[in-house]
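**Q** I would like to see how this sequence folds:
(one chain, ligands or ions: 1)
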Amino acid sequence: NQVHTLIAKFSQKLANFLYPYVEVRFMEYIGDYSRTNEAFTSIELYLTSKSTNQAKKLQGEYVKKSLVLKMDESQEFHDVFEGIKVVWCLKTIVSNTNRVTFYPADDKRYYLLTFHRKDRDFVARTYLNHVMEEGKNIGLSKRQRKLYTNCTGDSDKRGKWSHVIFEHPSSFETIAMDSRKKKEIIDDLVTFSKAKEFYAKIGKPWKRGYLLYGPPGTGKSSLVAAIANFLKYDIYDIELTNVKTNAELRKLLIGITSKSVVVIEDIDCSLDLTGQRKTDSVNEKEKEEKKDVVAASLQAASGEGENKNKMSNVTLSGLLNFIDGIWSASTGERLIIFTTNYVEKLDQALIRRGRMDMHIELSYCGFDGFKMLAKNYLSIESHPLFDTVRCLLEETNVTPADVAENLMPKVANEDVETSLKRLIQALRTSKEEAEMKDKKEDGTNGEEEAEDAKEKEA
Ligand SMILES: Nc1ncnc2c1ncn2[C@@H]1O[C@H](COP(=O)(O)OP(=O)(O)OP(=O)(O)O)[C@@H](O)[C@H]1O
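**A** As a prediction, this is how the structure comes out:
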């Protein structure tokens, strides 16, 4: 036994001397095919992004409508990070069983990482974290994003989300708005998305609130989609009128994942938020409890009764808790956006800075916005008719939606001038209508004044 131990010790030393490398395996599945190893997925994404220029043998795959080239099996990839060299290789353990399984093959794939033993600490602490982080980021940027909405109907579906693939084409390049305002929003989004450490340092959940307000057709919904596309986030579009209680709203909140934009459109129509919050917190609590009880009994009642009750019982304080109560910190990186046509109707508590950090007004179409739309719709940046359009835009209030509608070619191969003339005609009509309305109002005011004078005389 002593001789055996000595030989084993010696041979281990000899092996270390002759082969001073450490090897780490990252299997594709953990357990018996039950769970995908997230480390394997991150490594694959990291290596796919780096190795295609280096590897001589690649595999081509069609993933989500685009061709992806991956490192082929047994190909080595030499990576250098902060002066440390490592080698990656994709290998397979071929199964020799004849078992029939649900899986295409019983072979087990794994990535083998090889590095010098003197770099062990650096690789374990720094390099592998870097690979995981990079891989995750690549995965997030490539994933198919989703548009969620809260389920309606059966009580067991309440408080849950259903989704479709989010494919809205809106972007900051297509949104017509003042260029300075646009830059301000983009800068704010970039700062927010990189501020993980900052939020941790100041002890606040990593989230930000935007309030978008302005007349209908000025691009509020388009801007929400552009923001989600820019940040590559999912969208959670909450239909508040379908949420019956504060408890249901909280349940929805818990189901929201990180890297998401939570939107409540036309918030002024969804809830009765016109009343000021009571300062007496006891009264507020009592009111809320009563509402919760009523809503719960309505839910428990027949489906017919439930359908009849279209009003949401979510209270203002329920919504405030949703935005920044204790539960709101559990969902990670998140943007909350409210849109409204009537900002003056909203309770100040709901939109105060700190809750809705940025207030963005989307207004009628200016010349800057028009030029953007002309570039998108007609592919032109200037035209002799632009001056006429500029003058008319200064004198009328038309929304970007109206301008876009008129610039849209009505027949195939319609020339630019026809579209611009149609827009000019529409702007003139709108100007005339506005003037007529003003005159009419002046006339009514005059009549009222005359009546007042008569009354006084009498
Ligand atoms: N600022 C804009 N830039 C580019 N397109 C716009 C803009 N505003 C409106 N549009 C066009 O008008 C259509 C309607 O706009 P959108 O739904 O974004 O407006 P909205 O302000 O959300 O309206 P509402 O308040 O009625 O929901 C969009 O499909 C888009 O084509």
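**Q** Pull up the gap between the residue of the stretch 151-300 of the chain found nearest the ligand and Ala434, please.
**A** Going by C-beta to the nearest ligand atom, the ligand is nearest to Gly219 of the stretch 151-300 of the chain, at 2.7 Å. Every residue, glycine included, has its C-beta placed from N, CA and C. Separation of Gly219 from Ala434 (C-beta to C-beta, to the nearest Å): 21 Å.
**Q** what about these two, which has more around it?
**A** Neighbour count, other C-beta atoms under 10 Å: between Gly219 and Ala434, Gly219 has more, with 24 against 14.
**Q** what's the more buried one in contact with, if anything?
**A** 175-177, 362, 400-401 (C-beta atoms under 8 Å, 6 or more residues apart in numbering).
**Q** ok, and of those residues, which contact the ligand?
**A** Among these, the residues that sit close to the ligand (C-beta under 6 Å from any ligand atom) are 175-177, 400-401.
**Q** Same list, these, but as TSV with pLDDT, secondary structure and neighbour count please.
**A** Shown next, in TSV, are the ones next to the ligand among the contacts of Gly219 (pLDDT from 0 to 100; DSSP: H, G, I helix; E, B strand; the rest coil; neighbours: other C-beta atoms under 10 Å):
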residue	pLDDT	secondary structure	neighbour count
Ile175	92	coil	21
Ala176	90	coil	25
Met177	89	coil	24
Pro400	93	helix	24
Ala401	93	helix	16
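**Q** so where's the stretch 51-200 of the chain shaky on pLDDT?
**A** Along the stretch 51-200 of the chain, the model assigns pLDDT under 70 to residues 53-55, 63-66, 95-106, 154.
**Q** just the strands in the stretch 351-458 of the chain please.
**A** With DSSP state E, counting those that start in this stretch as the criterion, the stretch 351-458 of the chain has strands at 358-361.
**Q** What parts of it come near the ligand?
**A** 400-401, 404.
**Q** Test my guess that Leu423 contacts Leu407.
**A** Yes. Using C-beta atoms under 8 Å, Leu423 makes contact with Leu407 at a distance of 6.0 Å.
**Q** Name the residue in the two with the higher neighbour count.
**A** The neighbour count for Leu423 versus Leu407, taken as other C-beta under 10 Å, is higher for Leu423 (27 against 19).
**Q** For Cys365, give me its contacts.
**A** Cys365 sits next to 176, 373, 393, 398-400, 402-403 when contact means C-beta under 8 Å, 6+ apart.
**Q** redo that, cut-off 10 Å
**A** 176-177, 217-219, 372-373, 389, 393, 396-404, 427 (C-beta atoms under 10 Å, 6 or more residues apart in numbering).
**Q** Filter the residues you listed down to just the buried residues.
**A** 176-177, 217-219, 372-373, 389, 393, 396, 398-404, 427 (16 or more other C-beta atoms under 10 Å).
**Q** now Asn246: how far from Leu316?
**A** 10 Å.
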